[in-house]
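fold the stuff below for me.
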Amino acid sequence: MKKRKRSKKIPEVRKIYRILESSFGDLGWWPGETAFEVVVGAILTQNTAWSNVEKAIEALKKNGLLNIAAIKKERPSRLARIIRPSGYHRMKAARLKYVCRFLSKECGGKLARLKKQETGALRKKLLEVNGIGPETADSILLYALEKPVFVVDAYTKRIFSRHGLICENASYDEVQSFVSERFDKDVRALNQFHALLVEVGKRFCKKKRGLCGECPLGVLLER
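Numbers count the residues shown, from 1 in each chain. Alright, predicted model coming up:
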């Protein structure tokens, strides 16, 4: 009897996904009524909690500023005041203007056109926009443009390093490659996986110490 060839996908990553989805269910990320709202959220969520982002987005809506043309025209000082709840409001106001200029130039403000571009090339263009780093670029690609990329954040690095899957000082690209080589290139699954890891990070995998006895992934440490 021939031996079955072992899958190239290392089971740990997929097992983590299955355990967490079984524990938390479908988390339904990312909240946003339009693709552009998701882009705005990706900028505003830098270095702050999502609850603060929600307040800032609601303020933009009330002031008729949740569209590309309006943000481009608005005075930076007033835009900054409106998004103050998100923190670093002056910096983020400038970044919103940068990304809106990019969207106007690149796709005429039509994000549906942007979705047609090849993922790698589009990612490079996003990273050239002032204020957009890898995590923000990938959040836009995955959640606003439905591109199959894995979003890496501090929670991901912490969880994976504590389980011995990556080095503690692994770079963003190294962690992303690690997951991409071992996980399905499926938008829904990648969306859910990132959300699940964030949930674990917030609830159990604390910065100073992990609550491993309470965490669904604690079973993996018992092997």
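
contacts and neighbour counts: CA atoms only from here.
Will do.

which residue is nearest the centroid of this structure?
A centroid search over the chain (C-alpha atoms, centre = their mean) returns residue 139, at 3.5 Å, as the residue closest to the centre.

before we move on, which element is that residue in?
helix 134-139 (DSSP states H and E).

residue 183 too?
Short version, using DSSP H and E: residue 183 is in no helix or strand.

to what extent is it buried, counted in neighbours?
Number of residues near residue 183 (other C-alpha atoms under 10 Å) recorded here: 20.

quick one: pLDDT of it?
The per-residue pLDDT reported for residue 183 equals 94.

distance check, it against residue 120.
Shown here: residue 183 relative to residue 120, a distance of 18 Å by C-alpha to C-alpha, to the nearest Å.

now swap in residue 29 and tell me
With the distance defined as C-alpha to C-alpha, residue 29 ends up 23 Å from residue 120.

the more surrounded of the two?
Taking other C-alpha under 10 Å, residue 29 and residue 120 do not tie; residue 29 has more neighbours (14 against 11).

report pLDDT for that one.
79.

and it, what does it touch?
Residue 29 is in contact with 143, 191-192, 195, counting by C-alpha atoms under 8 Å, 6 or more residues apart in numbering.

residue 148 too?
By C-alpha under 8 Å, 6+ apart, the residues touching residue 148 are 141-142, 185-187, 190.

sitting in helices, which of those do you find?
187, 190 (DSSP state H).

any of the contacts of residue 148 buried? List them.
When the contacts of residue 148 are checked for burial by 16 or more other C-alpha atoms under 10 Å, the buried set is 141-142, 187, 190.

pipe those residues into a markdown table and attach pLDDT and distance to residue 168 per row.
Supplementary listing: the buried ones among the contacts of residue 148 in a markdown table, determined by pLDDT from 0 to 100; distance: C-alpha to C-alpha, whole Å:
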| residue | pLDDT | distance to residue 168 |
| --- | --- | --- |
| 141 | 98 | 26 |
| 142 | 97 | 25 |
| 187 | 95 | 27 |
| 190 | 96 | 22 |
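
okay, those in a markdown table with distance to residue 50 next?
As requested, the buried ones among the contacts of residue 148 are arranged in a markdown table below (distance: C-alpha to C-alpha, whole Å):
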| residue | distance to residue 50 |
| --- | --- |
| 141 | 19 |
| 142 | 17 |
| 187 | 22 |
| 190 | 20 |
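
give me the contacts around the lowest-mean-pLDDT helix or strand in the chain.
For the chain, the helix or strand with the lowest mean confidence is helix 11-24, at a mean of 90 (criterion: mean pLDDT, DSSP states H and E). Contacts to helix 11-24, defined as C-alpha under 8 Å, 6+ apart, come from residues 179, 182-183, 193, 196-197, 216-217.

what's the closest of those residues to residue 61?
Taking C-alpha to C-alpha as the measure, residue 61 lies nearest residue 196 of those, at 28.7 Å.

distance of the nearest residue to the closest one once chain neighbours are set aside relative to residue 219?
Once its chain neighbours are removed from consideration, residue 196 has its nearest residue in residue 20; the separation is 6.2 Å (C-alpha to C-alpha, 6 or more residues apart in numbering). The span separating residue 20 from residue 219 equals 11 Å under the rule C-alpha to C-alpha.
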